[in-house]
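J.: From the sequence below, what's the structure:
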Amino acid sequence: MPIKLLALDLDGTLFGDDGVIRPRVRQAVAMAVERGVTVTLATGRAFDVAARHARDLGIEAPLICYQGAVIQDMASGQILHAETLPADVLPQVIALAEARGWDLHFQRDGRVLVRQRRQDDQFYWLLFGLPITEVPDLRAAIVPPPNKFVITCDADQAETVIAELRAHFADRLNIIRSHAILVEGVPAGVTKGRALAWLAGYLGVPQAAVMAIGDQDNDVPMLAWAGLGIAMGGATAA
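T.: Residues are numbered from 1 along each chain as shown. Below is the predicted model:
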């Protein structure tokens, strides 16, 4: 069956650490669009960031954002599907992060909420591409609940952070590693794979006609669900 829907991860797939989309990649996306393939982006990043790249590439399909917690229409900005973190769990997440000294960020409405900046502007821009808002009280700032949280850490500490978060919140949150130094938490059951299945259904595209490309552990459900899943050459072992 010919491919009708192509889902592309951003970081490590569409571009590298410098955030620059190479001419050969641009050409490949353009050729897919010219052949009638619906191209979407599936990313852990916010809609505002994904939309910038989508407009740059001429992509008009709804975008999968926040690891699949949000699916948003490109043309109107309308949110087609959204899930938020369970409100009762968030104070526990904050308490654990404070006790461990983790660098915790919440993302909602195109903003990153943090108790205190620990990095320079370039670091935040490359990883989030969004304004950083320092708030005196994280607990008060996350009402209503955000779509996801992110903990930045040294690469050799990420698995320890993941293990502890899963030990505490496995039944309420999906804890994933989206980058060597990023550990993310989204609502339980939220994955790029489930979001891609939802979008394919919304667009009327059968599973066998869906192709997905990614490079990190958070892309695994998406590559597994797609009729044709492709891992980048530099992808993680998973």
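J.: For the rest of this, base every contact and every neighbour count on C-alpha atoms.
T.: OK.
J.: Who does the residue nearest to Trp102 when sequence neighbours are not counted form a beta bridge with?
T.: For Trp102, ignoring the flanking residues on the chain, the nearest one in space by C-alpha to C-alpha, 6 or more residues apart in numbering is Ile151 at 6.6 Å. Per DSSP bridges, the residues bridged to Ile151 are Leu104, Val183.
J.: isn't Ile151 right next to Leu104, touching?
T.: Yes: Ile151 is within contact range of Leu104, at 4.6 Å (criterion: C-alpha atoms under 8 Å).
J.: Who has more neighbours out of the two?
T.: Taking other C-alpha atoms under 10 Å, Ile151 and Leu104 do not tie; Leu104 has more neighbours (23 against 19).
J.: And that one, how close does it get to Gly36?
T.: Computed as C-alpha to C-alpha, to the nearest Å, the Leu104 to Gly36 distance reads 41 Å.
J.: Likewise for Leu85?
T.: To Gly36, Leu85 is 36 Å away according to C-alpha to C-alpha.
J.: Would you mark the buried spots in the helix or strand bottoming out on mean pLDDT in the chain?
T.: Using mean pLDDT, DSSP states H and E, the weakest-scoring helix or strand in the chain turns out to be helix 121-127, at a mean of 83. Judged by neighbour count (16 or more other C-alpha atoms under 10 Å), helix 121-127 contains these buried residues: Tyr124, Leu127.
J.: any idea which helix or strand comes after that helix?
T.: strand 132-134 (DSSP states H and E).
J.: Convert the helix or strand following that following strand to PDB, retaining C-alpha atoms only.
T.: Counting by DSSP H and E, the next helix or strand C-terminal to strand 132-134 is helix 138-141. C-alpha atoms of helix 138-141 as PDB (Å, rounded to 0.1, in the frame of the first residue of the first chain):
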ATOM      1  CA  LEU A 138       5.400  26.300  41.000                       C
ATOM      2  CA  ARG A 139       2.400  24.700  42.800                       C
ATOM      3  CA  ALA A 140       0.300  27.800  42.200                       C
ATOM      4  CA  ALA A 141       1.600  28.300  38.600                       C
END
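J.: and helix 138-141, how far from the chain's centre?
T.: When C-alpha coordinates are averaged (C-alpha atoms, centre = their mean, to the nearest Å), helix 138-141 and its chain have centres 22 Å apart.
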